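Student: Return atomic coordinates for the entry below.
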Amino acid sequence: MNTQRKQWGLVILGCVLVAVWLHGLRLTHSKTDQFGKPATIPSTKLPESTVSHQQERLHEGPNKPDSSRENSGINAADLIKNAFVLYDELSEEDKDTLNHPRVEIDEEKAQALFKRIEPILALLGQAAKADYCDWGMGPMKFDQPSTIFTKGSQLAKLSLWGAGFQFPSDPSAALETLENRGELGRAIGGNALVGLLVETSMESNASELLRQNVASITPELAAQYQDLLQSSVLQQDAPRAIKAELEAFDDQIKKMDVSGTEEQKEFNDAGYRAQLQQVRQFEAEFPQVLMASDAEFNQWLDKVKGASGDNPLLQGNDIFSSARHRIRQATIERTMVGAGIDVAHNGPSNLGSHLEPGSSDSFVYRQTPDGFELQSRAEFKGRPIIMRFPNPPAPASSPVQAGQN
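Tutor: Numbers count the residues shown, from 1 in each chain. I've put the predicted structure just below:
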């Protein structure tokens, strides 16, 4: 059996991550304090029942496995496809602005642009509440056309710009836009690791925008959107993605159970099947070590590397480290943002209720001249994550209090 064919199993289970890695990175653009000019805009807040419905869906998403979905009701994919069409109708100047949020535009132009993208944001809001998502393309595969990812990244940038524009005047609507954006990440990736990485890239940018706008998020809003602000669904999404990935793996194995061509007979070789099953086993274990300590993860990875000597399908095992790095970092950042918002409003005594993911400790707290900073205990490339938060503005004095002064 030649080496190229033996890489088939890794393509199914691991290299799919590499295939979309650049697509995921496209969703990450320069972090800046200028995400849109402040303006007074009409409220786009969804009804309270809608917010509750979205929060119920946070740990499941629209992409339910086919075995538990009846494909009845509203299809998120159809709504997102309509959003693709509307995006394509925007001018090149509009698209350039949405893709480069650090470029300042005056208030009048920003307002006009937001009006033009409101129908797209509305469609994404509807898609986030849809009953299921089916692109009609079957399970996500390595050779899947990249159109969905490219278009999805464009809508992700549009949503980030829209949320930045909304924050100064309507932070509740901005949070909903970010929540809908998170569901978009799941929808364009599907129930697989590819979707998890797309979602991870989206979360990283959203965390930075939330940090920049901490002063706009009141304690009431923070409580209403605690799932969005104080934790990350990535920890729940990882086992879900792996489960779907393994189902796709098993489906491919069944398709190999057909004799006939020499290639099919080669795939049915008992030794090769044993190698495929070993890859499957390690992939099934991955969620358990995703948020484990570095020592525990490295011990598991050493086991994978040891097995790769006899199993060429495991020679691309560095993808496990890369995926873990991205997912852990995004998860910690999101939890840190939620902790920062809580501390900003309620003081550092509340920090103990926000444990760092993968740890039993809270973040390290330090005061700064104009606020405070939080630091992770975990390190990435030899450095911890540090986020700085300004002190929230003092509450406005009442007329009576002002007179007493």
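
Student: quick check, distance from the top helix by length along the chain to the centre of its chain.
Tutor: Taking DSSP state H as the criterion, the chain has its longest helix at helix 318-346. Centre-to-centre, helix 318-346 and its host chain are 11 Å apart (C-alpha atoms, centre = their mean, to the nearest Å).

Student: Just the buried positions in that helix, please.
Tutor: Residues 319-320, 323-324, 326-345 are the ones in helix 318-346 that count as buried (16 or more other C-beta atoms under 10 Å). Every C-beta, even on glycine, is put in place using the N, C-alpha and C of the backbone.

Student: again with stretch 100-111
Tutor: Quick answer for stretch 100-111 (16+ other C-beta under 10 Å): 101, 105, 110, 111.

Student: ok, now stretch 365-376?
Tutor: 371, 372, 374, 375, 376.

Student: Next up, the contacts around the first one.
Tutor: When contacts are counted by C-beta atoms under 8 Å, 6 or more residues apart in numbering, residue 371 is found next to 344, 388, 389, 390, 391.

Student: Who does the residue nearest to the last one when sequence neighbours are not counted form a beta bridge with?
Tutor: In space, and not counting its chain neighbours, residue 391 is closest to residue 371: 4.6 Å by C-beta to C-beta, 6 or more residues apart in numbering. Beta-bridge pairing for residue 371 (DSSP bridges): residue 368, residue 390.

Student: For residue 371, give me the pLDDT.
Tutor: The model reports residue 371 with a pLDDT of 93.

Student: likewise residue 58?
Tutor: 31.

Student: cool, and residue 226?
Tutor: pLDDT, residue 226: 80.

Student: What about it, how many residues nearby?
Tutor: Look at residue 226: counted by other C-beta atoms under 10 Å, it has 14 neighbours.

Student: quick one, what contacts it?
Tutor: residue 338.

Student: Quick check: the gap between it and residue 276.
Tutor: Residue 226 sits at a distance of 42 Å from residue 276 (criterion: C-beta to C-beta, to the nearest Å).

Student: Check residue 126 too.
Tutor: According to C-beta to C-beta, residue 126 stands 41 Å off from residue 276.

Student: Then residue 84?
Tutor: Applying C-beta to C-beta to residue 84 and residue 276 gives a distance of 36 Å.

Student: quick one: which of those two has more around it?
Tutor: residue 276 (23 against 17).

Student: List the buried residues of the helix or strand where the more buried one lies.
Tutor: Assigned by DSSP states H and E, residue 276 belongs to helix 270-290. For helix 270-290, a neighbour-count test (16+ other C-beta under 10 Å) marks 272, 275-276, 278-280, 282-284, 286-287, 289-290 as buried.

Student: is it true that residue 279 touches residue 312?
Tutor: No. Taking contacts as C-beta atoms under 8 Å, residue 279 lies outside contact range of residue 312: 10.3 Å.

Student: Any regions of the stretch 301-405 of the chain where pLDDT drops low?
Tutor: Low-confidence segments of the stretch 301-405 of the chain, defined by pLDDT under 70: 393-405.

Student: Residue 88 - how many residues pack around it?
Tutor: 10.

Student: hang on, I meant residue 179
Tutor: Neighbour tally, residue 179, other C-beta under 10 Å: 24.

Student: can you confirm it is in a helix?
Tutor: Yes. Assessed with DSSP: H, G, I helix; E, B strand; the rest coil, residue 179 lies in a helix.

Student: any idea how far residue 99 is from it?
Tutor: As judged by C-beta to C-beta, residue 179 and residue 99 stand 22 Å apart.

Student: Residue 149 too?
Tutor: 15 Å.
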